[in-house]
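**Student:** Attaching a predicted model along with its sequence, questions to come.
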Amino acid sequence: MSKGKDVRVIVILECTSCVQKGINKKSLGISRYITQKNRQNTLSRLELRKFCPYCHKHTIHGEIKK
């Protein structure tokens, strides 16, 4: 009964502003979130506005490869 490929896949969202800055002395790391997306409805990469604890503000978090 199950399909060959899962429709819903797990994706990792990473803060784009932390990646552009690189890791410096002030920044402790890069903010990442784990979420799911529907592969059939969302064909392009997912981008959401989430809170980054390292930047201390809401920034764009983009989908990265696993």
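**Tutor:** On my side now, so go ahead. Numbering: from 1, shown residues only.
**Student:** ok, what's across the strand from the residue nearest to the spatial centre of the chain?
**Tutor:** In the chain, the C-alpha nearest the mean C-alpha coordinate belongs to Leu13, at 0.7 Å (C-alpha atoms, centre = their mean). Leu13 has these beta-bridge partners by DSSP bridges: Tyr33, Glu63.
**Student:** any idea how far the helix or strand containing Val19 is from the chain center?
**Tutor:** Element membership for Val19 (DSSP states H and E) is helix 16-21. What separates the centre of helix 16-21 from the centre of its chain is 12 Å, taken as C-alpha atoms, centre = their mean, to the nearest Å.
**Student:** again, but for stretch 5-15
**Tutor:** What separates the centre of stretch 5-15 from the centre of its chain is 9 Å, taken as C-alpha atoms, centre = their mean.
**Student:** which strands and helices sit next to the least confident helix or strand in the chain by mean pLDDT?
**Tutor:** Lowest on mean pLDDT, DSSP states H and E among the helices and strands of the chain sits helix 16-21, with a mean of 79. Applying 3 or more C-beta pairs under 8 Å, 6 or more residues apart in numbering; DSSP states H and E, we find helix 16-21 packed against strand 57-64. To be clear about C-beta, it is placed using only N, CA and C from the backbone, and glycine gets the same treatment.
**Student:** how about low-confidence regions in the protein?
**Tutor:** 1-4, 21-28, 66 (pLDDT under 70).
**Student:** The same query, at a cut-off of 90, please.
**Tutor:** Within the chain, the segments meeting pLDDT under 90 span 1-7, 17-31, 54-55, 65-66.
**Student:** buried residues in stretch 10-24?
**Tutor:** For stretch 10-24, a neighbour-count test (16 or more other C-beta atoms under 10 Å) marks 11, 13, 15-18 as buried.
**Student:** Please apply the same query to stretch 55-66.
**Tutor:** Neighbour-count burial for stretch 55-66 [16+ other C-beta under 10 Å]: 55, 59, 61-63.
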